[in-house]
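1. Take this sequence and fold it.
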Amino acid sequence: MKRLRIVISSDWFPPAYRAGGPIRSAFNLCALLSEHHDIWVVTGSHDLGVEKALEVEKDRWNTIQVNDASIQVRYCSEGTLDRGLWSQLLDEINPDVLHLNSMFSKDYTLIPLRIAQSRKPLRVVLAPRGMLGEAALSIKPLKKKIFLSVARMTGLFCDVKWHASTAKEASEICNHFVSADVFIAQNLPAAIPPENPKRPTDHWKIVVIGRIHRVKNLGFGIEALLKASANRPVELDFIGPLEDQDYQKELADLAGSQNDVKIRFLGGIPPTELSKYFHAAHFLMSSTTQENFGHSIVEAWAHGCPVLISDRTPWLQLQDKGVGWDWPLDADAWQVGLSKVLVMKAFEWEEMSAQSREFFRNHVRNGDAEKANLELFHP
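-> This is a model prediction of the structure:
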């Protein structure tokens, strides 16, 4: 396999973490690629929604060790990444491939895309990261509809290879760009932890991981949980940055209206520190209206944690696989489903926990997924 020079462009990159899945997708992709290719990352100097800059060296290349390899990362100060700097960086690196991790970012997608199109034979791979899904497009819909219409008329994306993480996302891309060149390469989660410690059997611990924002549909899950029956006390931990203070107060008030479920808001936690929370939990819950991949879902399985999720993710028929449940966003379905789940015996949960790790090992982070991500970057 020829060793390529690859530039990854992303609005955020570790140590940023507040934007969630897209950051983990970009980092885990870099970790794999760095074993075979030379990798440069161009990214921002701030985390999502945070005024204070990251504690990193800015506007220069930082060498970062990833496993047994290294990558070069440039954290660009706000306002510096214009057309001139992009031209300078591409001249300096002379890459074979430019990978873009967004649909709508001006600085990290649209500007470098335009420059790259005039630099043949530089190839462009674009990962929309779920931004063409129905739920994502319902946010600022008119603005996005106009943008997509103009993009089709001007042929803005005509020369790119589209990186879809699932067959569903490939279909979403083709719905908007009929003749798109689409390649499916599943997002890569982190590796499976070596151990799966036992959990206490005197209570149920459930975690919800993601931004505290109304679009995440968190209230739906809480309401269903409060109405469900359980054979032991239930504790629910929300882990994610606070983006809507009014919404968190609504959730807290909802939780405070009863005494059967203990609910805590733990704030944002970097992915590198999540293992102990997964290993303390019996289930991960997500009542999302759209999930393009679901890093928290697959990482829960890696830690032996079955999932209670909606049917709006790529992961379906989970009960048949013995790794969780995926219910439609119907209040009765969730209440009935949770009431069945939360009365299971300890040995039944332990069997599901072991099966979850096996499912991750065999169907999520496997050789086929890694092979597809490597093939994505070759003509």
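
2. since we're on the closest residue to P328 other than its chain neighbours, how many residues are nearby?
-> Nearest non-adjacent residue to P328, counting by Cβ to Cβ, 6 or more residues apart in numbering: D311, 5.2 Å away. (Each C-beta comes from the backbone N, C-alpha and C, glycine too.) D311 is flanked by 15 other residues according to other Cβ atoms under 10 Å.

3. next one: W315
-> By the criterion of other Cβ under 10 Å, W315 has 22 neighbours.

4. Next one, pLDDT for it please.
-> For W315, the pLDDT comes out at 95.

5. ok, it - contacts?
-> Contacts here follow Cβ atoms under 8 Å, 6 or more residues apart in numbering; on that basis W315 touches G294, I297, V298, V307, I309, D326.

6. Find the pair from the residues you listed with maximum spatial separation.
-> In terms of Cβ to Cβ, these reach their longest pairwise distance at V298 and D326, which sit 13.5 Å apart.

7. who's more crowded, those two?
-> Just comparing V298 and D326: by other Cβ under 10 Å the higher neighbour count belongs to V298, 24 against 20.

8. rewinding a little: I'd say the residue nearest to P328 and D326 touch.
-> Yes. Between D311 and D326 there is a contact at 4.7 Å, judged by Cβ atoms under 8 Å.

9. mind listing which of the contacts of W315 are in helices?
-> I297, V298 (DSSP state H).

10. picking that back up, report the contact partners of the residue nearest to P328.
-> D326, W327, P328, L329.

11. and the last one, how many neighbours does it have?
-> Residues lying near L329 (other Cβ under 10 Å) number 16.

12. hang on, it in a helix?
-> No. Per DSSP: H, G, I helix; E, B strand; the rest coil, L329 lies outside any helix segment and is coil.

13. how about the contacts of D311 in JSON lines, adding pLDDT?
-> Converted to JSON lines, the contacts of D311 look like this (pLDDT from 0 to 100):
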{"residue": "D326", "pLDDT": "98"}
{"residue": "W327", "pLDDT": "98"}
{"residue": "P328", "pLDDT": "97"}
{"residue": "L329", "pLDDT": "96"}
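
14. and which of these is nearest to M103?
-> Using Cβ to Cβ, the contacts of D311 come closest to M103 at L329, 24.8 Å.

15. where exactly do the helices run in the stretch 251-379 of the chain?
-> 275-280, 295-302, 318-321, 331-341, 346-359, 367-375 (DSSP state H, counting those that start in this stretch).

16. Looking at those, which one is packed in the most?
-> Mean neighbours per residue, mean count of other Cβ atoms under 10 Å, is largest over the helices of the stretch 251-379 of the chain for helix 295-302, with a mean of 26.

17. What helices and strands are in contact with that helix?
-> helix 21-33, helix 275-280, strand 283-286, strand 307-310, helix 346-359 (3 or more Cβ pairs under 8 Å, 6 or more residues apart in numbering; DSSP states H and E).
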